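In: A structural model of the following input is requested.
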Amino acid sequence: MLFKPGLDLAVSEGFCSLSCTCGRGIMAARQCVKPVMYRFCGLLVLLTLCLSGLDAQRPAVNQELSDIFNELWRLDENRLTPVTDYNISVQGRASFVNQGSHVVRDYALQPLFSNVNENKLANTTTYSRFMKLLNNYERSTGVAEQVTAEEQTEIDLFLTAVLETKVMKRAHQYLVSKAKSNSDLRRFKSQLNLIWFNLYHRQKNAGLDSCGFEHVFVGETKSGTEIIGFHNWIQFYLQEKSTHLDYKGYKARSLDLPDQDDHVLNLQFSWHGLVKPVGSAFIGTSPEFEMAIFTIVFLMNTERSTTVLVNIDQCRMELVVIRHGRSLGTAYPKLLSSNSRHVTPQHSG
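Out: Have a look, this model is predicted:
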């Protein structure tokens, strides 16, 4: 058992002086207390240190970002409504699976999505243009991407549609106020293109094989053994519908079970025979909302890896963003609690 020098002795003496009633002082008390009591006291100290360390590492809620993200949430008029526009069945809690494992027990015999309003997807500009981008990428890292003129036009049209939404207009306004983006719309569009669509090397000794959009919204495979990225509900639904993807169950604490109207879900699934032990995604949100919040986190921080704790609607979550130079490496939500379970009940006096 490891302790700082003097810590075990001080605690042991404190325990003896409080617990021993022989009246002969600390030195004599040492002989009265069995060695097992010293070990027990040491364990209590170690546990206290560990718990206090966890508290110190847990970030505080970022209220400013929570405020702007809730404003964007209210502006997201293209968000789909649970039950009305789609239905999900979370089913059973998934088991622990090692990264790289191809064998996993299925705790969800039915698909996650039982139905989605595809007419709404097809008739909403950002959704329809978003879906055209999903088949433009090589699934495996290490295989260089070839962007055709048609695909570049699709990217341009998608960004144009995103910039016309209330969500991205407000996000742009916020970033300009923080001196993180230029007020000129064309320059902001170029900035979004650099963050999300600039190609870079994800696998060493390979060509330009990845970008932020592909990793986050489409998903990739690495070395033929694992799924990386893949944090979008629309891609999840389309791949599940085409039987390329199999939902295995949700991931959550025992006291925080998800339900069909949750807009964030931690989950487990297989895709093209590979397993994602723990994945996460917003559910029902528009592409512009997800791009907006992750772009804000990306631009408001300069660290390679950033985690912010926020409250959005009824959910408390961590938003994780990792940079790849001036572009996005990955971005995803990690649900901590839903249905306002993180809110302390207010009792009337």
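In: Show me the beta-bridge partners of Phe282.
Out: Asn232, Val264 (DSSP bridges).
In: Look up how far Asp156 lies from it.
Out: 25 Å (Cβ to Cβ, to the nearest Å). (Glycine included, C-beta is placed from N, CA and C.)
In: Look at those two and report which has more neighbours.
Out: Phe282 (23 against 14; other Cβ atoms under 10 Å).
In: Would you agree the more buried one is in contact with Ala292?
Out: No - in this structure, Phe282 is not within contact of Ala292 by Cβ atoms under 8 Å, at 11.7 Å.
In: Can you check the pLDDT for Val83?
Out: The model reports Val83 with a pLDDT of 95.
In: One more: Leu46?
Out: pLDDT, read off for Leu46, is 55.
In: Give me the secondary structure label for the residue nearest to Thr285 when sequence neighbours are not counted.
Out: Among residues not flanking Thr285 along the chain, Arg79 sits closest, at 5.3 Å (Cβ to Cβ, 6 or more residues apart in numbering). Under DSSP: H, G, I helix; E, B strand; the rest coil, Arg79 falls in the coil class.
In: Could you measure from Arg79 over to Glu288?
Out: Arg79 is 10 Å from Glu288, by Cβ to Cβ.
In: Please say which of these two ends up with more neighbours.
Out: Just comparing Arg79 and Glu288: by other Cβ under 10 Å the higher neighbour count belongs to Glu288, 27 against 18.
In: where does this protein dip in pLDDT?
Out: Along the chain, the model assigns pLDDT under 70 to residues 1-58, 254-255, 339-349.
In: And the helices in it?
Out: Assigned by DSSP state H, the helices in the chain fall at 7-19, 25-32, 35-57, 63-75, 118-123, 125-133, 149-163, 166-177, 185-197, 212-213, 233-241, 287-300.
In: Give me the contacts around stretch 147-167.
Out: Stretch 147-167 has contacts (Cβ atoms under 8 Å, 6 or more residues apart in numbering) with 72, 75-78, 125-126, 129-130, 132-133, 136, 168-169, 172, 185, 188-189, 192-193, 197, 199, 286-289, 291-292.
In: What residues of that stretch count as buried?
Out: 151, 154-155, 158-159, 161-163, 165, 167 (16 or more other Cβ atoms under 10 Å).
In: Take those residues and write them to a markdown table, including distance to His263.
Out: Shown next, in a markdown table, are the buried residues of stretch 147-167 (distance: Cβ to Cβ, whole Å):
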| residue | distance to His263 |
| --- | --- |
| Glu151 | 30 |
| Glu154 | 27 |
| Ile155 | 27 |
| Phe158 | 22 |
| Leu159 | 24 |
| Ala161 | 22 |
| Val162 | 19 |
| Leu163 | 23 |
| Thr165 | 18 |
| Val167 | 14 |
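In: Of the residues you listed, which is the nearest to Gly100?
Out: Distances from Gly100 to these, taken as Cβ to Cβ, are shortest for Glu151 (31.4 Å).
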